[in-house]
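Asks: predicted structure and sequence below. I'll ask about it afterward.
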2 protein chains.
Amino acid sequence: MRADDVPEIRELDLFSGMSEAYFQDLVRAAYVQTFPPQVDLITEGDPADFLHVVISGSVELYCIWNRHETSMATVRPVSSFILAATIKDGPYLMSARTTEKSRVVLLPSLDVREIFDKDHNFARAVVRELANCYRSVVKDTKNLKLRSSLERLANYLIRSHLRAEGAHVFELAIEKRRLASFLGMTPENLSRAIKSLRPYGVHIDGTQVTITDMEALQTLAKPSPLIDDYAT
Amino acid sequence: MRADDVPEIRELDLFSGMSEAYFQDLVRAAYVQTFPPQVDLITEGDPADFLHVVISGSVELYCIWNRHETSMATVRPVSSFILAATIKDGPYLMSARTTEKSRVVLLPSLDVREIFDKDHNFARAVVRELANCYRSVVKDTKNLKLRSSLERLANYLIRSHLRAEGAHVFELAIEKRRLASFLGMTPENLSRAIKSLRPYGVHIDGTQVTITDMEALQTLAKPSPLIDDYAT
DNA sequence: CCGGTCACTTGATATTTGTCAAGTGCCCAC
DNA sequence: GTGGGCACTTGACAAATATCAAGTGACCGG
């Protein structure tokens, strides 16, 4: 593990509160690797041997059933993923692949579980992280079950706009076909949905999004903190 | 709190490993109440003042957005619910109501968080519980995004059949309109879906389900441990 | 026992979403 | 620069799902 990777991980909520000694134990056992784009890191169903942390690049979590594939989330630096499987010592429920060149830290699940048992601060951080993940997925489910695909797209754009610090022109963070899958629709339908947002002041050219009538978009999207706020 | 309620709670995975002293602290602060059917216990958005445990009866978790309502889960005895909100000290993401006469224990979130900080065994149990909840919702999301409503119904019936210890005749545990909402469809559509499962050996009369051709049903449903197994 | 409510069902129809097929245009490798 | 691949778009059509309206039947209170 490269020396300058260490502080980046240490700053993660998950690790920032734990004792230095245990953190060093974890780091000593860790691997770091740089992967090209489109490399499979995890296959759902496999035993969860490692807790993963993306240091740079980006990783897509996806699932397959009966020849259908759906995108569940995109993980961006610096974040851990598949913590639940690691702690539970269960199989991965999702697969993961790089979408661009990415640097990933692999922490052996065995060590994570061992230190989880010994370091109370780490255990508490794990709980916070899991609670956040859980609430995040619940919000996703609400989004899926309560909204139409057009409404989901509208809300996604508003959230992206907020993440871009309120800029009215910003870039889509992921490819459209991935976005379509994430939003639970086909690429064809996303194309059409984008067009039908034009009356609401949304123009998307390539990856560049322009929002000219935020009020109209909000009226359509009806964002709710209990679905769309990352923090709550 | 009635004396005979205590052992039931103590046996929950969440509490079985914690020290007797802390458990007594929790119990002392707890309320128990019996509610009639159709009573709202929790409104989404409210602060999570209590961790809830159903002792008897059953509780529906549901969400509302823009005048639409959807059923997220049905909690049966003996289980806790809304642990994540309690731990995170955040607002409830879901509302809860009794569907029948129910006995519910209310543990003040403050006490739960305090003991969570002091009792390592309890903290570990919380983590296991949260990991299970998280994985459960991930499976739900896969179910929703990857399957058609007919496939969801077919898999629901197979799961119910397994929960009924493999009986080929069993009762639906919830009303059809709730089931429809839980499966992400309208009651009308559920009716039609039930009819279209007839060629697969499924007959539903009132609340009684009869499965005569398990093999055909499985071929349609294609159940997967990574979506349908409670344990994984 | 009767009447009313309400869940459920059924049919007709509308809307949403997906599929298939044929483009267009961008990006990258040679 | 140029050709090929691939993401994206567009249009026509098909399937899935929702909506609306009307009816049936079971349960419950009086």
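Replies: Now that the structure is in, tell me what you want to look at.

Asks: centre of the chain versus stretch A:146-154, how much separation?
Replies: Centre-to-centre, stretch A:146-154 and its host chain are 19 Å apart (Cα atoms, centre = their mean, to the nearest Å).

Asks: domain ranges for chain A?
Replies: A:3-144, A:147-222 (automatic domain parsing).

Asks: so which of the ones you listed is nearest chain B?
Replies: domain A:3-144 (4.2 Å; Cβ to the nearest Cβ). Any C-beta I mention is one placed from the backbone N, CA and C, and that applies to glycine too.

Asks: does any bit of that closest one sit next to DNA strand D?
Replies: No: applying Cβ under 7 Å from any atom of the strand, one finds domain A:3-144 out of contact with DNA strand D, separated by at least 8.9 Å.

Asks: how about the strands in chain A?
Replies: A:31-35, A:40-42, A:50-56, A:59-65, A:68-75, A:79-81, A:95-98, A:102-108, A:169-171, A:202-205, A:208-211 (DSSP state E).

Asks: what segments of chain A are helices?
Replies: A:6-10, A:13-16, A:20-28, A:83-88, A:109-118, A:120-146, A:149-163, A:176-182, A:187-196, A:214-221, A:225-228 (DSSP state H).

Asks: make CSV out of the domains of chain A and add mean pLDDT.
Replies: Shown next, in CSV, are these (pLDDT from 0 to 100):
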stretch, mean pLDDT
domain A:3-144, 96
domain A:147-222, 97
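
Asks: mind putting those into a markdown table with mean neighbour count and distance to DNA strand C?
Replies: Output for the domains of chain A, formatted as a markdown table (neighbours: other Cβ atoms under 10 Å in any protein chain shown; distance: least, Cβ to the nearest atom of the strand, whole Å):
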| stretch | mean neighbour count | distance to DNA strand C |
| --- | --- | --- |
| domain A:3-144 | 18 | 8 |
| domain A:147-222 | 16 | 4 |
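
Asks: got the end-to-end distance for stretch A:136-155?
Replies: End-to-end distance for stretch A:136-155, by Cα to Cα, to the nearest Å: 15 Å.

Asks: so who does the residue minimising distance to the centre of chain A touch?
Replies: Central residue of chain A (Cα atoms, centre = their mean): A:Val75, 3.4 Å from the mean position. Going by Cβ atoms under 8 Å, 6 or more residues apart in numbering or on different chains, A:Val75 touches A:Val54, A:Ser58, A:Val59, A:Glu60, A:Leu61, A:Phe81, A:Ala96.

Asks: mind redoing it with 7 Å?
Replies: A:Val54, A:Ser58, A:Val59, A:Leu61, A:Phe81 (Cβ atoms under 7 Å, 6 or more residues apart in numbering or on different chains).

Asks: so which of these is the closest to A:Leu197?
Replies: Comparing the contacts of A:Val75 against A:Leu197 with Cβ to Cβ places A:Ser58 closest, at 25.0 Å.

Asks: would you check that that closest one makes contact with A:Arg103?
Replies: No: taking contacts as Cβ atoms under 7 Å, A:Ser58 lies outside contact range of A:Arg103: 10.8 Å.

Asks: tell me the spacing between A:Phe81 and A:Lys142.
Replies: 22 Å (Cβ to Cβ, to the nearest Å).

Asks: can you give me the distance of the residue of chain A positioned farthest from its centre to A:Leu190?
Replies: Distance from the C-alpha centroid of chain A, by Cα atoms, centre = their mean, peaks at A:Pro199 (30.3 Å). As for A:Pro199, its distance to A:Leu190 is 17 Å (criterion: Cβ to Cβ).

Asks: need the strands of chain A in JSON lines with distance to A:Ile9, can you?
Replies: JSON lines is the format used below for these (distance: least, Cβ to Cβ, whole Å):
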{"stretch": "strand A:31-35", "distance to A:Ile9": "9"}
{"stretch": "strand A:40-42", "distance to A:Ile9": "17"}
{"stretch": "strand A:50-56", "distance to A:Ile9": "6"}
{"stretch": "strand A:59-65", "distance to A:Ile9": "15"}
{"stretch": "strand A:68-75", "distance to A:Ile9": "14"}
{"stretch": "strand A:79-81", "distance to A:Ile9": "9"}
{"stretch": "strand A:95-98", "distance to A:Ile9": "18"}
{"stretch": "strand A:102-108", "distance to A:Ile9": "6"}
{"stretch": "strand A:169-171", "distance to A:Ile9": "27"}
{"stretch": "strand A:202-205", "distance to A:Ile9": "35"}
{"stretch": "strand A:208-211", "distance to A:Ile9": "32"}
